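[1] let's see this in three dimensions:
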Amino acid sequence: MAMKWRLFGILAIALAAMATASVSASATASEIPNLVGLWSGVGNGYGDEGGYVSDEDSDILTMNVTEQRGRIFNGVVTYTEDGVEMTEEFAGVIALDNTTFYIAEFGSGYDVGTIVSEDEVELLYLQDGEGGGVFIDTLRRVVE
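    The predicted structure is shown next:
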């Protein structure tokens, strides 16, 4: 009887290992999305200095991804603040699911992104402290 349970235990471990290997293989086998290029759009949000901002009241935000090596990328984001065009460099990383990505803006703030399609992304911007706020931006790839 002990031999039967030991064999069952070995079989269960082998099946679990195969299932894990299968999931790992499929996660790494899917193609890493290419984010290089110019992205543009508007969004809405809330800031501690200006309150709520709607899509209609927001200025255009552009994200220019200039380089990507595997799941890591970098570039420049441009937006308007108090009538002045601001430019900020950033670096980002694509998560293993190849849909979620994270950006650290070098001036301040973070973005959690979702790849909606090959030509559309959504950014959830978060900034804490004085001048902080949250914004939801929908950006579309600019085809030149």
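[2] how about the helices in this structure?
    2-29 (DSSP state H).
[3] break it into its domains for me.
    Here the domain parsing of the chain from automatic domain parsing is 1-30, 37-141.
[4] out of those domains, deepest packed?
    domain 37-141 (a mean of 15; mean count of other Cβ atoms under 10 Å). Heads up, the C-betas are built off the backbone N, CA and C, glycines and all.
[5] what comes into contact with stretch 99-115?
    33, 35, 77, 86, 88-95, 98, 121-127, 129, 131 (Cβ atoms under 8 Å, 6 or more residues apart in numbering).
[6] shaky segments in the protein?
    By pLDDT under 70, the low-scoring segments of the chain are 1-29.
[7] partners of the residue positioned nearest the centre of it in the sheet?
    Residue closest to the mean C-alpha point of the chain, counted by Cα atoms, centre = their mean, is residue 101 at 2.2 Å. On the basis of DSSP bridges, residue 101 is bridged to residue 94, residue 113.
[8] do residue 127 as well
    Beta-bridge pairing of residue 127 under DSSP bridges involves residue 133.
[9] how near is it to residue 87?
    Distance of residue 127 to residue 87, given as Cβ to Cβ, to the nearest Å: 16 Å.
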